[in-house]
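**Student:** generate coordinates for the sequence data below:
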Amino acid sequence: MEMASIPTGMTCAGVHRAVIEHLLQEDGPASEKRILDIPCGNADLMWSLRRFFPGADVRGCDLAKPPTLDDSDFSEVDASRPFHVFPEGRFDRILSVSGVMEFDNTLQFFETCHAHLNETGHLVVTNDNVVAMRDRIMYFLLGKTRRFQMFVDIDAPTWKVIPLYNLMRILTMAGFRIRRLQYVSAGWKDWLLLPLALLVYPLQLLYIRLTRNPMPLSQKHRMYPFRSLLCSHYVVVCDKVV
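**Tutor:** Here you go, the predicted model:
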């Protein structure tokens, strides 16, 4: 299977590809790892994983089972509550793609993922980037970011803004160490704002340098590189801390 043929699924373009590229760098194509995708949505990522890692044991969790999955490969889970799934063993990799904005109790979710990981396992989390130029302009003009509406129905799923700094704080509290941060998915509409991004980035650099915070300056720059002004999504890779 070629990278260009990876389906987008229920997230931004290029996110599934970035996750699979990371796993290939870590494990190689002949992986025999146990991988959990939660929430798995329509299972597009699971099927891509099985094509790139034919020796892996790939399982999924969500509120409803996709019709393409066998019952043995799926567990019905409300990720906003504690869960225990597939008790035959812990997982080497847990993936949560575009999921953490859909439910509450994010810390509890990460703590439960921590308990389901092997000691040498790691968690991959992706989320919408809300500091890109398009989001900043929309918030300035309309009071909303591009993927989060001003008005929602009472029975609609929870869609909440989780800024990167808060997500990293919650991951650390849940027992993870941030290893890698990658910004992905910049479309042609984002590149149209490149001139404005070039004007804004020096101001952002100045702010980062002058902000009083014990975080190392190098880590601050990794959190908010120039790409953060153009990309609509980011991928965070975390190691489990025992």
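**Student:** contacts and neighbour counts: CA atoms only from here.
**Tutor:** Noted.
**Student:** part of a helix, is Thr120?
**Tutor:** No - Thr120: not assigned to a helix; according to DSSP: H, G, I helix; E, B strand; the rest coil it is strand.
**Student:** for it, which non-adjacent residue is spatially closest?
**Tutor:** Lys240 (6.7 Å; Cα to Cα, 6 or more residues apart in numbering).
**Student:** biggest helix in the chain by residues?
**Tutor:** helix 194-210 (DSSP state H).
**Student:** so which bits of whichever helix or strand comes after that helix are buried?
**Tutor:** Elements were assigned by DSSP states H and E; along the chain past helix 194-210, the next helix or strand is helix 217-223. For helix 217-223, the neighbour count (16 or more other Cα atoms under 10 Å) marks Lys220, Met223 as buried.
**Student:** dihedrals phi and psi, the most centrally placed residue in the chain?
**Tutor:** Centroid-nearest residue in the chain: Thr126, 0.8 Å away (criterion: Cα atoms, centre = their mean). The phi and psi values for Thr126, taken as degrees, to the nearest 10, are phi -120, psi 150.
**Student:** confirm for me that it is in contact with Tyr234.
**Tutor:** Yes - with contacts counted by Cα atoms under 8 Å, Thr126 reaches Tyr234, the gap being 5.6 Å.
**Student:** what is in contact with the two at once?
**Tutor:** Val15 (Cα atoms under 8 Å, 6 or more residues apart in numbering).
**Student:** output the longest helix of the chain as CSV, restricted to C-alpha atoms.
**Tutor:** Extracted C-alpha coordinates of helix 194-210, given in CSV (Å, rounded to 0.1, in the frame of the first residue of the first chain):
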residue,chain,number,x,y,z
LEU,A,194,1.7,32.8,4.3
PRO,A,195,2.4,36.5,4.0
LEU,A,196,0.4,37.3,7.1
ALA,A,197,2.1,34.4,9.0
LEU,A,198,5.5,35.9,8.1
LEU,A,199,4.5,39.1,9.7
VAL,A,200,3.0,37.5,12.8
TYR,A,201,5.8,35.0,13.5
PRO,A,202,8.5,37.5,14.7
LEU,A,203,6.0,38.8,17.2
GLN,A,204,5.2,35.3,18.4
LEU,A,205,9.0,34.6,18.7
LEU,A,206,9.4,37.7,20.8
TYR,A,207,6.5,36.8,23.0
ILE,A,208,7.9,33.3,23.5
ARG,A,209,11.3,34.6,24.6
LEU,A,210,9.8,37.2,27.0
